[in-house]
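Visitor: Sequence and predicted structure below; questions after.
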Amino acid sequence: MSEETPEPSAESYLVLLNENEKSLAAYVHTLVPNLADADDIIQSCKIVMWKHFGSFSEGTNFLAWARKIALNQILNYRRSEKRRDRFSQNPAFVESIARELDSQTESPDRRSEALHQCLQKLPDAHRKLILLRYYEDRDIGEIAILTKRTDSAVYRLLSRVRASLSDCISNTLSPSAL
């Protein structure tokens, strides 16, 4: 008589989803700037996760498993023709951001607060650039026109501002800063 691993139950799924839902939502919202798109992706993630919950090994990291599914849903969603214009990031960029998020051990609340503090420290022109790009979901060409810069100048400046924000967040969250 061989011992079989019992199949995960609906109750197990609901408990794990409930425990990890906010973290999963924060992950998706970080990678998808449009709120409605992010909410649609979260819903499709929940459906896919339920359909594949039988392949989840209880006792392993549910959030890591859910994030892999979410990343695939984000990339698939991005590829769809009707949504293509709403996403200007390429898949490699989305995947690199996802890896960075996965590697972070800080709670989303602490990181969000650090990001908020660091955004306040930016010069007004840099903060405006970040708001145009990530909160208003403007593409580089639009930002270039609005800020009277070339596309390449906008790319370079955004890169420097993101690096500055990343350093600020790391410094804010470092044990010596606490």
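Guide: Looks like it came in fine.
Visitor: number of nearby residues for residue 118?
Guide: Applying other CB atoms under 10 Å, we find 18 residues neighbouring residue 118. For every residue, glycine as well, the C-beta is placed using N, CA and C.
Visitor: Go ahead and name everything in contact with the host helix or strand of it.
Guide: Secondary structure assigned from DSSP states H and E places residue 118 in helix 108-121. Contact with helix 108-121 is made by 22-23, 26-27, 104, 106, 127, 130, 165, 168-169, 172-173, as judged by CB atoms under 8 Å, 6 or more residues apart in numbering.
Visitor: mind listing which of those residues are in strands?
Guide: Among these, none falls in strands (DSSP state E).
Visitor: now, among the residues you listed, which is nearest to residue 153?
Guide: residue 130 (15.4 Å; CB to CB).
Visitor: If you rank the contacts of helix 108-121 by neighbours, which is first?
Guide: Most surrounded of the contacts of helix 108-121: other CB under 10 Å gives residue 27, at 25 neighbours.
Visitor: if we can go back for a sec, now, the contacts of helix 108-121 that are in helices?
Guide: Judged by DSSP state H, the subset of the contacts of helix 108-121 located in helices is 22-23, 26-27, 127, 130, 165, 168-169, 172-173.
Visitor: The contacts of helix 108-121 into TSV, with extra columns for distance to residue 114?
Guide: Output for the contacts of helix 108-121, formatted as TSV (distance: CB to CB, whole Å):
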residue	distance to residue 114
22	18
23	17
26	14
27	17
104	11
106	8
127	15
130	15
165	9
168	8
169	5
172	4
173	5
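Visitor: And the helices in the chain?
Guide: 10-31, 35-51, 62-79, 91-103, 108-121, 124-130, 140-147, 151-173.
Visitor: Point out the most buried one among those.
Guide: Neighbour counts (mean count of other CB atoms under 10 Å) averaged over each of the helices of the chain peak at helix 62-79, with a mean of 18.
Visitor: Tell me how far the closest residue to residue 155 other than its chain neighbours lies from residue 34.
Guide: Spatial nearest neighbour of residue 155, excluding adjacent residues (CB to CB, 6 or more residues apart in numbering): residue 140 at 6.3 Å. Here residue 140 is placed at a distance of 17 Å from residue 34 (CB to CB, to the nearest Å).
Visitor: Spit out the contact partners of residue 40.
Guide: residue 77.
Visitor: State the distance from it to residue 77.
Guide: Taking CB to CB, one finds residue 40 at 7 Å from residue 77.
Visitor: Likewise for residue 50?
Guide: For residue 50 relative to residue 77 (CB to CB), the value is 18 Å.
Visitor: contacts for stretch 162-178?
Guide: 106, 110-111, 114-115, 117-119, 121-122, 126, 130.
Visitor: Swap in 7 Å and give it another go.
Guide: Residues from elsewhere that reach stretch 162-178 (CB atoms under 7 Å, 6 or more residues apart in numbering): 106, 110-111, 114-115, 117-118, 121.
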